[in-house]
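Participant: Attaching a predicted model along with its sequence, questions to come.
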Amino acid sequence: MSILGWDCVDDSPRIKIHLADPEVTIAKVKDLWTLGGRLHSPAVLKGLDLLLGLWSHLNVPEGVRSTTELGEPEQEDGRSGLTFAYGLRAGALEPEPKMYFSRWRERPSWGNRARFFL
């Protein structure tokens, strides 16, 4: 775990956990998104399906990358590892996973391709 946060608001308190992982692979994305298969609600699986579609569309180069806190790149080419977050709201049965594409310059056309999904 890299960062633990807490939104202390009356109407919707939430705990957030952020982490970075140097393994940039489809298998690792699936594992982190579903917490090793423990998250399997329709919303989580739909999100995973959308994420995998975006991953494929962006043609993310897989591999192991050295990272520092929250995916800041150590590599000379500016690539970083995976950055994930989980948010758990009061009363929720499971956390909400999120993945960040932290280095858009890794592929010059990523910004245009991502707009397709917005």
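Facilitator: Arrived safely.

Participant: Show me the residue at the heart of this protein, geometrically.
Facilitator: Relative to the mean C-alpha position of the chain, the nearest C-alpha, by C-alpha atoms, centre = their mean, is the one of residue 99, at 1.4 Å.

Participant: Identify the residues contacting it.
Facilitator: Contacts here follow C-beta atoms under 8 Å, 6 or more residues apart in numbering; on that basis residue 99 touches 29, 32, 33, 51, 82, 83, 84, 85. No exception for glycine: its C-beta is placed from N, CA and C like everyone else's.

Participant: Repeat the analysis, applying 7 Å as the threshold.
Facilitator: When the contact criterion is C-beta atoms under 7 Å, 6 or more residues apart in numbering, the partners of residue 99 are 29, 33, 51, 82, 84.

Participant: so residue 44 sits in a helix?
Facilitator: Yes: under DSSP: H, G, I helix; E, B strand; the rest coil, residue 44 sits within a helix.

Participant: Show me where the protein has its helices.
Facilitator: Per DSSP state H, the chain has helices spanning 26-33, 42-58, 110-115. These are given in chain order.

Participant: roughly how far out does the first one sit from the chain middle?
Facilitator: The one in question is helix 26-33. Averaged C-alpha coordinates place helix 26-33 at 9 Å from its chain's average position (C-alpha atoms, centre = their mean, to the nearest Å).

Participant: Same check on the second one?
Facilitator: In this view, helix 42-58 has its centroid 11 Å away from the chain centroid, taken as C-alpha atoms, centre = their mean.

Participant: what helices or strands is that helix leaning on?
Facilitator: The criterion is 3 or more C-beta pairs under 7 Å, 6 or more residues apart in numbering; DSSP states H and E, and the helices and strands that helix 42-58 contacts are helix 26-33, strand 96-100, helix 110-115.

Participant: Understood, closing this out.
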